[in-house]
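Novice: got a predicted structure plus its sequence, pasted below:
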Amino acid sequence: MIYYKAWIETRTSSATPWEHHEHLEGEEDNEEPGLYFCDSGMCSGTDDLAQQMLDRFLTSVLSDYADQPDVEVRAHAQIDEQTPAEPPVIRQAPSDSIAEARETLRLKSLAQGLRSARSQVFAARSSLQKAVVAAHDQGLDRYTITTAAAPELSSDQVAGLIDASVLFGEVRALVRSQPALAARTSVHDGGLLGVTAKLLWTTEDEEAEELREMGWNETIEEYDRQLASTLLTAARNDAEQLLALLSSQFEVLSRGGHPATPEWMAPDALVYQSVAVRRAGQTGSKASAS
């Protein structure tokens, strides 16, 4: 087995000296910054390794020189010995490769700008939805809230947000009336997506998951059938109790709007599904289980 090391050098113009580039994307944990190590199973020699270095790192290296159009880049590769048996290979990135990498960076920057703008829109919309609920909680009437939130939110959306918040409080209070059940139940206000409830893992589940991982990530049924059966029975019993409690005041639905069942909420050992909770007789709800 032959071991190699390689690195990147840059210079900002032909009149400046070459400098070792100490940041290689994805290799930040190396004890020796800027050095890349491999063996003969990863390359066919120093020439191949030098080209691999340019192919892999050229774009990320150029991102550090966005405002320096004349930068040059080259890769060194050699056998990792104090006195290598053959001279190192130095391969410089051609100008067309640099131009192509810069174009990739430009397009990537544009895409990132779009993602950033989308995130800002999402954050603003989320903030507006929270403000709607907060304003209602603090006594502002629905007409004023709807007028202030228009046109970003329709009157139906404002009503949906407020109703979901109120429903969330009612569902959470109902679940908390049964402390043992509440300890393994999560109630979530999804805003326009509605209110959902889901069973949580118990300490037994966590221990079983550790056992499953020790069994090379087999399913718990394959690792320990009896334990899987015990967990599944306990989960479905809890699901049956939770469904009975929620159904006493609300409609409880699985994905697709079908009535929820214990088998839906706990289809397998260590697997739990959410159910949508809505007011009895409510139509056109956007709530859906996931």
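Specialist: It's in. Numbering: from 1, shown residues only.
Novice: check which helix or strand covers the residue sitting nearest the centre point of the chain.
Specialist: Nearest to the mean C-alpha position of the chain, by CA atoms, centre = their mean, lies residue 119 at 14.2 Å. Assigned by DSSP states H and E, residue 119 falls within helix 95-137.
Novice: then residue 216?
Specialist: Using DSSP H and E, residue 216 falls outside every helix and strand.
Novice: now the phi/psi pair for it, please.
Specialist: Note on residue 216: backbone dihedrals following degrees, to the nearest 10 are phi 60, psi 40.
Novice: list of residues touching the helix or strand that contains residue 62?
Specialist: Secondary structure from DSSP H and E places residue 62 in helix 46-62. The contact list for helix 46-62, computed with CB atoms under 8 Å, 6 or more residues apart in numbering, reads 4, 6-8, 10, 21, 23-25, 36, 38, 42-43, 71, 73, 75-79, 86, 88-91, 93, 97-98, 101-102, 104-105. (Glycine included, C-beta is placed from N, CA and C.)
Novice: low-confidence stretches in the stretch 51-200 of the chain?
Specialist: Residue ranges of the stretch 51-200 of the chain with pLDDT under 70: 82-85.
Novice: just the buried residues of stretch 210-224, please?
Specialist: Across stretch 210-224, burial judged by 16 or more other CB atoms under 10 Å covers 212, 220, 221, 223, 224.
Novice: out of these, list just those in helices.
Specialist: 212, 220, 221, 223 (DSSP state H).
Novice: which of those sit farthest apart?
Specialist: 212 and 221 (9.5 Å; CB to CB).
Novice: quick one, what contacts residue 102?
Specialist: Contact analysis of residue 102 by CB under 8 Å, 6+ apart lists residue 62.
Novice: going forward, count from 15.
Specialist: Got it, the first residue is 15 from now on, which makes the last one we talked about residue 116.
Novice: quick check: it vs residue 123, distance?
Specialist: Residue 116 sits 10 Å away from residue 123, going by CB to CB, to the nearest Å.
Novice: residues in contact with the spatially closest residue to residue 55 that is not a sequence neighbour?
Specialist: Nearest-residue entry for residue 55: residue 15, 7.3 Å, with adjacent residues in sequence omitted and distances by CB to CB, 6 or more residues apart in numbering. Taking CB under 8 Å, 6+ apart as the criterion, residue 15 is in contact with 53, 54, 55.
Novice: what's the neighbour count on residue 66?
Specialist: 19 (other CB atoms under 10 Å).
Novice: quick one: it and residue 45, what's the gap?
Specialist: Residue 66 sits 21 Å away from residue 45, going by CB to CB.
Novice: could you do residue 88 as well?
Specialist: Taken as CB to CB, the span from residue 88 to residue 45 is 24 Å.
Novice: which one of the two is surrounded by more residues?
Specialist: Neighbour totals were compared for residue 88 and residue 45, and residue 88 leads with 18 against 5 (other CB under 10 Å).
Novice: is that one in a helix, a strand, or coil?
Specialist: At residue 88 the chain is in strand, as set by DSSP: H, G, I helix; E, B strand; the rest coil.
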